[in-house]
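J.: Following is a predicted model, sequence given first.
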Amino acid sequence: MVDIYLLLLAFIVVWYFLYLRKVEESANKNLQQYCHHQDLQFIALARRSMRLRFNTKLGAYWLTEYELEFSGDGQTSYLGRAEMHGLNLHHVNLPPYRVQ
């Protein structure tokens with residue numbers, strides 16, 4: 001019986017890491033598109049946190065927060081924040097930045 005629990009635990013850990021990778025790829029793609037549409041230069045992306053949330057509209061979902069490094073003029077870089085609900089980009093918050 002202990003072997004089944006260990007196998008289940010190993011499966012959950014592997015699934016979690018694969019899901020993290022899938023969310024990371026989705027966030028990278030969505031934020032690069034967002035920067036392209038806003039005429040910004042996408043520099044880097046870093047995950048700040050990931051936690052399980054419950055909502056009456058969405059049910060259970062993973063809320064992932066990212067820090068987005070971008071540039072508006074090609075010389076200075078700024079840090080913004082982005083939220084993903086599951087695999088979908090929900091909100092992007094950018095500070096004031098200089099444009100060309």
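T.: Received the coordinates, thanks.
J.: Model confidence score at residue 98, please.
T.: On pLDDT, residue 98 comes in at 87.
J.: Next, name the residue at the spatial heart of this structure.
T.: residue 27 (4.5 Å; CA atoms, centre = their mean).
J.: Mind giving me the packing neighbours of the one helix or strand residue 28 maps to?
T.: Following DSSP states H and E, one finds residue 28 within helix 2-37. Counting contacts by 3 or more CB pairs under 8 Å, 6 or more residues apart in numbering; DSSP states H and E, helix 2-37 packs against strand 41-55, strand 59-71, strand 78-85, strand 88-93. (C-beta placed from N, C-alpha, C; glycine too.)
J.: still on that earlier bit, I figured the residue nearest to the centre of the chain was touching residue 66, is that so?
T.: Yes. Counting by CB atoms under 8 Å, residue 27 does reach residue 66; the two are 5.7 Å apart.
J.: which residues do these two both contact?
T.: 45, 47, 82, 84 (CB atoms under 8 Å, 6 or more residues apart in numbering).
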